[in-house]
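S.K.: Let me see the structure of the following:
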Amino acid sequence: MTEFPPTSGHDESSAEAAPQIKAECAELIAMVWEFIDGECKPEVREKLRKHLDECPPCEHLHELEERLKTLIGTKCSGERAPEGLRERLRLEISRTTIIRR
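M.R.: From the prediction side, this is the model:
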């Protein structure tokens, strides 16, 4: 899990604000992939977008995750195993016997 030190942009003078900020950051980190994929409800998406606008460390994490998703999509799309390997795998799978106890 990514951990962020306190940064400017957060009100560090308030001891009560720190737990709320950490909870918001943790919420964003937990939902960053759903956010990137557009799988959040509109109200959650708006809340997370507002947090990203106000929290540079979380915005940086978001940008990194977006770049990672793009890289994975670029490097892993369309690849197919060679036909010889596919045939050997089919053969081995057909030979496999499942034993239930």
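S.K.: how close does Arg67 get to Thr74?
M.R.: 10 Å (Cβ to Cβ, to the nearest Å). The way it works is simple: take the backbone N, C-alpha and C, and place the C-beta from them, glycine included.
S.K.: likewise Ser94?
M.R.: 34 Å.
S.K.: same deal with Pro82?
M.R.: Distance of Pro82 to Thr74, computed by Cβ to Cβ: 21 Å.
S.K.: go on, Pro56?
M.R.: Using Cβ to Cβ, Pro56 is found at 27 Å from Thr74.
S.K.: More neighbours: which of these two?
M.R.: Counted by other Cβ atoms under 10 Å, Pro56 and Thr74 do not tie: Pro56 has more neighbours, with 14 against 9.
S.K.: Run through the helices of the chain in chain order.
M.R.: Ranges of helices in the chain, per DSSP state H, are 17-36, 42-54, 56-76, 83-95.
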